[in-house]
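Asker: no FASTA, just this:
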């Protein structure tokens, strides 16, 4: 009997105490006092009302509340700073950060050592940056609605979600609107950004020095640029939609070893895909439609594979200035070109003739734009007829030896298509702000 009592006592001592649920009423200082008095693992239940901040969470806690519970930083620094591991924020609203971009004022900041933070179902409005993942590992940011600032100068606003040196972050199912960039990832790795929606921003997703990561299933609507992968290696960019973005749908700038697949870019964009000094990328199964340029390919990009893509109704399918010949098919499978008058006599789905999207006059027009005045001259038409009749006279450039007869189709859900329709023609008005996406110094 004594042995049984001792065993039972040891079991009770070894069992963790059950986390307490503590109701927190609104009011000045109420949330800070509740955090200071809480034990690790407690759940603080916020009630409807205002909770003036800022506050710091320095122990493992869960803060949960309805949207009508509002934590307000009153314009002072970051509203909620998380310094402990295993913190969960769920459901309520966060507003009123400071406006000092150089200090990275934010609605929520997760610092180094604050690992495994969970930020979900929050409303973040009126903050310089929405959520700043600043060194914490393995964070989960899910299902939040973030509305950034709408000041005149876009480059002076903060980002919806800023990820700096935060490996293992998963950012999914969020809606981000206004501000500067939807997600700006810098000096991080092994992150996953998926199934987010971005509107009215500079970049939807902006990668700098972020390696071994995934960008998938995201939707960019009416932004200045969709998805920019810059100075980052081995990034998977798949199944994203860029609809009605202004400058580029996708950008690979000093990006190497990427897999770019299943993406749709369409609707008024200057360049569907811009490839600048990017090497050994696999670009397959994408649809580039209705852009000024389907692909702008420059700066010595080498050893890229393009196959199974569809180029539909772009004003200029490919812009490539160079003397090398580049093959854009792989293992007998090329791409679909809407302006290729192709035949397929044997019915194998591969066109019987090769396709060259550019000729000598294209090269002249790119390097000497004033030559466009002569585009209808008989001499120009003679040069183009000669090149079509005698391919040996063609300069180096892009060649698709196995063009496809049928384009792939990437469906767009009805609700997303409705939002796309609302931004149609936006950029033709020429009323956008100070953003210059070709100035790499502004990135």
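Answerer: Yep, it's here. Please read all numbers here as calculations on a predicted model, not as lab measurements. Numbering: from 1, shown residues only.
Asker: Give me the domain ranges for the chain.
Answerer: 19-201, 359-395 (automatic domain parsing).
Asker: Residue 412 is nearest to which of these?
Answerer: domain 19-201 (12.7 Å; C-beta to C-beta). To be clear about C-beta, it is placed using only N, CA and C from the backbone, and glycine gets the same treatment.
Asker: Between the two ends of stretch 108-123, what distance do you get?
Answerer: 11 Å (C-alpha to C-alpha, to the nearest Å).
Asker: Columns mean neighbour count on top of the domains of the chain, output as TSV?
Answerer: Output for the domains of the chain, formatted as TSV (neighbours: other C-beta atoms under 10 Å):
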stretch	mean neighbour count
domain 19-201	20
domain 359-395	13
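Asker: mind listing the helices for this protein?
Answerer: 2-14, 30-37, 360-367, 378-389, 414-422 (DSSP state H).
Asker: Show me what the last one is in contact with.
Answerer: When contacts are defined by C-beta atoms under 8 Å, 6 or more residues apart in numbering, helix 414-422 is touched by residues 199, 219, 221-222, 241, 243-244, 267, 412.
Asker: and the closest residue to residue 353 other than its chain neighbours, what does it touch?
Answerer: Of all residues not flanking residue 353 in the chain, residue 342 sits nearest, at 6.4 Å (C-beta to C-beta, 6 or more residues apart in numbering). Shown in contact with residue 342 (C-beta under 8 Å, 6+ apart): 351-353, 355, 403, 405.
Asker: So which of those residues is the closest to residue 330?
Answerer: residue 403 (12.5 Å).
Asker: Confirm for me that that closest one is in contact with residue 357.
Answerer: No - using C-beta atoms under 8 Å, residue 403 makes no contact with residue 357, being 9.9 Å away.
Asker: Overlap in contacts, these two.
Answerer: Joint contacts of residue 403 and residue 357 (C-beta under 8 Å, 6+ apart) are residue 337.
Asker: show me where pLDDT drops low in this structure?
Answerer: 1-18, 299, 322-323, 359-396, 430-443 (pLDDT under 70).
Asker: is it true that residue 333 touches residue 305?
Answerer: No - look at residue 333 against residue 305 with C-beta under 8 Å: they stay out of range, at 10.5 Å.
Asker: Tell me how many other residues crowd the closest residue to residue 345 other than its chain neighbours.
Answerer: Distances taken as C-beta to C-beta, 6+ apart place residue 352 nearest to residue 345, at 5.8 Å, with adjacent residues excluded. Applying other C-beta atoms under 10 Å, we find 12 residues neighbouring residue 352.
Asker: What are the neighbouring residues in contact with residue 352?
Answerer: Counting by C-beta under 8 Å, 6+ apart, residue 352 has contacts 342-346.
Asker: 7 Å instead?
Answerer: 343-345 (C-beta atoms under 7 Å, 6 or more residues apart in numbering).
Asker: So which of the residues you listed wins on neighbours?
Answerer: The contacts of residue 352, ranked by neighbours (other C-beta under 10 Å): first place residue 344, 15 neighbours.
Asker: residue contacts, the residue nearest to residue 423 when sequence neighbours are not counted?
Answerer: Counting by C-beta to C-beta, 6+ apart, residue 423 lies nearest to residue 222, which is 3.4 Å off, once chain neighbours are set aside. In this structure, residue 222 makes contact with 199-200, 244-245, 423, 426, judged by C-beta under 7 Å, 6+ apart.
Asker: likewise residue 279?
Answerer: 256, 301-304.
Asker: can we see that at 6 Å?
Answerer: Counting by C-beta atoms under 6 Å, 6 or more residues apart in numbering, residue 279 makes contact with 256, 302-303.
Asker: cool, and residue 119?
Answerer: Residue 119 neighbours (C-beta under 6 Å, 6+ apart): 89, 131, 141.
Asker: rerun at 10 Å
Answerer: Shown in contact with residue 119 (C-beta atoms under 10 Å, 6 or more residues apart in numbering): 80, 82, 87-90, 94, 107-108, 110, 130-131, 133, 139-144, 161, 171, 174.
Asker: Can you tell me how far it is from residue 132?
Answerer: 11 Å (C-beta to C-beta, to the nearest Å).
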